[in-house]
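Colleague: return atomic coordinates for the entry below.
(chains A and B)
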Amino acid sequence: MTFSPELEARFEKFLAKYPADRKRSAVIPMLIYAQDEVGAITDELVQEVAKRTGATPLQVTEVVGFYSMLHRKPQGKYHVQVCTNISCLLVGGAELWEQACHKLGIGHKETTKDGRISIEEVECMGACSWAPAVQVNYDFYHDVTPEQFDKLIDGLAAGKKPEEIAEVKKVSC
Amino acid sequence: MLYNQPDPLEVKVLSRRFTLPNSQSIETYLANDGYKALEKALGLTQEQIIDEVKASGLRGRGGAGFPTGLKWSFVPRQSPKPKYIMVNADESEPGTCKDRLLIEYDPHQLIEGVIIAGLAVGAQQGYVYIRGEYRYLIDVMDRAIDEAYAKGILGDNVMGRGVKFHLATHSGAGAYECGEESALLESFEGKRGNPRIRPPFPAVAGCYQSPTILNNVETFCAVPPIFLHGGAYFAGLGTPKNGGTRLFCLSGHINKPGVYELPMGFNLMRMIKEVGGGMRGGKKLKAVIPGGSSCPVLKADECDIAMDFDSVAAAKSMLGSGGVVVMDEDTCMVNAALRIMKFYAHESCGWCIPCREGTTWLKKLLTRFHEGMGQRSDIVLIGDLSKNMLGRTFCPLGDAAAMPTIAFVEKFQDEFEAHLDGRPCPFEKSSRLVAV
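Modeller: As a prediction, the model looks like this:
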């Protein structure tokens, strides 16, 4: 399996982090970064990560099934994650989640027909003091109002990139 | 950009550089006492380092509050095995969002604390396990680590003193369970995040079955101030046996939610009223979860307490990870209990049957209640089930799910009763049912 030169360089760095006989430690970091490039954890990717880390394909498969961020099917280009855990629930996170479902006509871990947006109701993402919080791919959005969320979903659905939607600003640097 | 405005009541020790321009950079760090604590520690013996940490009264900031110096002293320093330092940056306890800021604004403080821990036990390698969702923080941490290598602070010759210490980041991939120390180590080794039976504890058999110091981000970040100003200074900031300050994460129905660094033992009511700016919309306070979702809920009249480990324990709850979740009079306690249980049912790793089955069963019971189809006997059943999970699992996730549930049912039984006999939720407007 071939990857971009950037990902290959990253893999090389990952494998150098751990003792020579402990390369299996690189399994999860390799999977999650490769998933970003490949789009999902394919059987081929499982084999490749196993080969490079000295784990068996079964050991890698076991891991894929355990972690909530690893997925076997591709997500939308923009994966919108809405937290509804306690701190977000108290200040409107559940309503944002309903809004996303109704607006897009899809449910938990589903993707729009054009493949642009997928949505997921997620557990606490560590933004409790700035709730309700939403994450689009790896970018955080804090104190999201229903109006801002509307603009975000509309914008993404209309083909805009998140950074082109003036009403919302990501907070992570 | 800061996420919330600082408060004048704050005592800024760990967060004192947060407001500086370019606070992530090593230049800013060095210009503001950076790596001076390490320099001091390099002149101390291992015993002296551990004694200083003991004297500071520092207790683990991840949730359990175990004395840090004591934990470090359990590492068999004479063991021929390599020793490791592991940073738990898998912050995922609902209500908690402080480690994120410590890494985002001051990554070098963490690096310095980790190197000092390495000196204390003769470890030459450390890792920072960061939850997968915090991808941008992995980049922040990697940049800071590169800077430290470039300045000779990390590497084969730490600050030219002939000591070796290497540090690297490690990405998780979404699992609350991996915040538990033994599950984190399993996950780090490239496996499913199932907990290990303890003892042996990580201090003896941790990372790769070698002696390991494993602490929360905030715990390591408290180490440089301890060596800069002395353990006694740090201890003096808090209450007896509860040294230092704490980053409290205020969330929920208050006017000024945010992360505030306050002395250990700060009064909870004052925290809500003065630091948090009081209740939103002038509503009445109903309940507070004082330390993240695993901690038993406190009723409004139980909130006049000092926020340190021992005082909160005396109030039959826990200081936990410092996540203070404030709930007003319109909050449905059945829905709050349900949402928290859905979380634990989702995050139970499935390793121990009482937790795997118990959380799912409780989720079903609470859902039935909230939908108005509960039965009076369910109130007893919920309490019974929870009590049968306590202490019957490898890791504390089972307890973390059971303890708050017991408190919700015991303290708000009237609300559970109000949902009985097909009555709709009396708080329906403010408690939409969420489907996980």
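
Colleague: which residue comes closest to A:Ile28 once chain neighbours are left out?
Modeller: B:Ala173 (5.1 Å; Cβ to Cβ, 6 or more residues apart in numbering or on different chains). Yep, even glycine has a C-beta here, placed from its N, CA and C like the rest.

Colleague: any idea how far B:Lys54 is from that neighbour?
Modeller: Per Cβ to Cβ, to the nearest Å, B:Ala173 is found 36 Å from B:Lys54.

Colleague: pLDDT score for the spatially most central residue of chain A?
Modeller: For chain A, the residue nearest the mean C-alpha position is A:Asn137 (4.7 Å; Cα atoms, centre = their mean). A:Asn137 carries a pLDDT value of 96.

Colleague: just confirm it contacts A:Tyr78, I think it does.
Modeller: Yes - under the criterion of Cβ atoms under 8 Å, A:Asn137 makes contact with A:Tyr78 at 6.4 Å.

Colleague: can you give me the helices in chain A?
Modeller: Shown for chain A, the helices assigned by DSSP state H span residues A:5-17, A:27-38, A:43-53, A:57-66, A:86-90, A:93-104, A:146-157.

Colleague: pull the number of nearby residues for the residue nearest to A:Ile28.
Modeller: A count of neighbours around B:Ala173, defined by other Cβ atoms under 10 Å in any protein chain shown, yields 23.

Colleague: show me the contacts for the residue nearest to the centre of chain A.
Modeller: Counting by Cβ atoms under 8 Å, 6 or more residues apart in numbering or on different chains, A:Asn137 touches A:78-79.

Colleague: how many neighbours does residue 123 have?
Modeller: Since you didn't name a chain, this refers to chain A. When neighbours are counted by other Cβ under 10 Å, A:Glu123 registers 22.

Colleague: right idea, wrong chain: chain B
Modeller: 26.

Colleague: and the pLDDT for it?
Modeller: 98.

Colleague: identify the residues contacting B:Asp156.
Modeller: Contact analysis of B:Asp156 by Cβ under 8 Å, 6+ apart lists B:Lys164.

Colleague: my bad, B:Pro225
Modeller: B:Pro225 sits in contact with B:13-14, B:37, B:234, B:244, where contact means Cβ under 8 Å, 6+ apart.

Colleague: chain center to the one helix or strand it maps to: distance?
Modeller: Here B:Pro225, judged by DSSP states H and E, is contained in helix B:223-229. In terms of Cα atoms, centre = their mean, to the nearest Å, the centre of helix B:223-229 is set 21 Å apart from its chain centre.

Colleague: could you do stretch A:94-113 as well?
Modeller: Relative to its parent chain, stretch A:94-113 has a centroid offset of 16 Å by Cα atoms, centre = their mean.

Colleague: list the buried ones in that stretch?
Modeller: Going by neighbour count (16 or more other Cβ atoms under 10 Å in any protein chain shown), the buried part of stretch A:94-113 is A:94-101, A:104, A:106, A:111-112.

Colleague: reformat those residues as CSV; add distance to chain B.
Modeller: Output for those, formatted as CSV (distance: Cβ to the nearest Cβ, whole Å):
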residue, distance to chain B
A:Ala94, 5
A:Glu95, 6
A:Leu96, 10
A:Trp97, 6
A:Glu98, 7
A:Gln99, 11
A:Ala100, 12
A:Cys101, 9
A:Leu104, 15
A:Ile106, 13
A:Thr111, 18
A:Thr112, 19
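
Colleague: reformat the helices of chain A as TSV; add mean pLDDT and distance to B:Ala306.
Modeller: Output for those, formatted as TSV (pLDDT from 0 to 100; distance: least, Cβ to Cβ, whole Å):
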stretch	mean pLDDT	distance to B:Ala306
helix A:5-17	97	42
helix A:27-38	98	40
helix A:43-53	98	49
helix A:57-66	98	40
helix A:86-90	97	23
helix A:93-104	96	31
helix A:146-157	96	39
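
Colleague: out of those, which is the most enclosed?
Modeller: helix A:86-90 (a mean of 30; mean count of other Cβ atoms under 10 Å in any protein chain shown).

Colleague: which elements pack onto the longest helix anywhere in chain B?
Modeller: Criterion DSSP H: the longest helix present in chain B is helix B:353-370. Packing contacts for helix B:353-370, counted by 3 or more Cβ pairs under 8 Å, 6 or more residues apart in numbering or on different chains; DSSP states H and E, involve helix B:333-347, helix B:376-389, helix B:397-411.
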